[in-house]
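Sequence first, then the predicted structure:
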Amino acid sequence: ATSGAHTYVARFVPSDAEAYRPSTSEPMTIEVRGTPVLQAELVIGKTRVVQGGTVEITGRGFGAGELVTLTLHSAPIRIGEVTADGNGAFRITVTIPANAEVGAHTLIADGTASGLSAQGALTVTAAAATGDGLAGTGSAVPVALIVLLLGLLAAGGVLVTRRRRTEA
């Protein structure tokens, strides 16, 4: 039925007019509202994620089989898309770009066919700096310390050699 007021009347027409009397009910008016609006929902697996890190995103209330785009906002960065299942739900793990701006963001899921949208808060934190891009394997040993250690080893070797000569 379309939205608006609809009036109905019930009429009873008997198959045996001598045994039963025909009748008509009082008019009954029913107010039909517009199609209910679906409410899309978004659940973000973490509230904080490091630049280049991953986060699981779950959504529901979208159209069945609908393509849903995921965008990280402040400066919009499209971070993924997923197709909702037959119930309009999805689950996806996305990677936050390593160059995403540090700070508070809004993650928005948009249904491309239904126009439904849902959003949630996500904070991006700074990735640990590695300097030259290589993995750190320990601390740097100063050259002076290495020279000192080699000098002490050489001196110890000389002393051991002298001692053996004097004992012989």
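Looks like it came in fine. Residues are numbered from 1 along each chain as shown.

ok but residue 160 is inside a strand, no?
No - according to DSSP: H, G, I helix; E, B strand; the rest coil, residue 160 belongs to no strand; its state is helix.

so how many other residues sit close to it?
Counted by other CB atoms under 10 Å, the residues lying close to residue 160 total 10. (C-beta placed from N, C-alpha, C; glycine too.)

any idea how far it is from residue 147?
From residue 160 across to residue 147, the span is 21 Å (CB to CB, to the nearest Å).

Surely residue 148 is within a strand?
No - counting by three-state DSSP, residue 148 is not found in a strand; it is helix.

The protein: strands as residue ranges?
Using DSSP state E, the strands found in the chain span residues 4-8, 11-12, 23-24, 28-32, 41-44, 48-50, 54-60, 67-73, 77-83, 90-95, 103-111, 117-125.

Give me the distance from the fourth one to the chain's centre.
Same thing as strand 28-32. Once both centres are worked out by CA atoms, centre = their mean, to the nearest Å, strand 28-32 turns out to sit 44 Å from its chain's centre.

what's the angle from it to strand 4-8?
Angle between the axes of strand 28-32 and strand 4-8 is 150 degrees (criterion: axes from the mean of the first three to the mean of the last three CA atoms, to 10 degrees).

what's the neighbour count on residue 44?
Neighbour count for residue 44, taken as other CB under 10 Å: 18.

before we move on, what about the one 10 residues further on?
Per other CB under 10 Å, the neighbour tally for residue 54 reads 12.

bridging residues for it?
Beta-bridge pairing for residue 54 (DSSP bridges): residue 95.

Identify the residue nearest the geometric centre of this protein.
Residue closest to the average C-alpha location in the chain (CA atoms, centre = their mean): residue 57, at 3.1 Å.

about what we covered before: Throw the strands of the chain into TSV and include mean pLDDT, thanks.
Formatted as TSV, these follow (pLDDT from 0 to 100):
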stretch	mean pLDDT
strand 4-8	87
strand 11-12	90
strand 23-24	92
strand 28-32	86
strand 41-44	95
strand 48-50	95
strand 54-60	96
strand 67-73	96
strand 77-83	95
strand 90-95	96
strand 103-111	96
strand 117-125	95
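
Which among the ones you listed is found nearest to residue 164?
For the strands of the chain, proximity to residue 164 was assessed by CB to CB; strand 48-50 is nearest, at 59.8 Å.

now for the closest one, which elements pack on it?
Other helices and strands packing on strand 48-50, by 3 or more CB pairs under 8 Å, 6 or more residues apart in numbering; DSSP states H and E, are strand 117-125.

Parallel or antiparallel, which strands does the strand it packs on pair with?
In the sheet, strand 117-125 lines up against strand 48-50 (parallel), strand 103-111 (antiparallel) (DSSP bridges).
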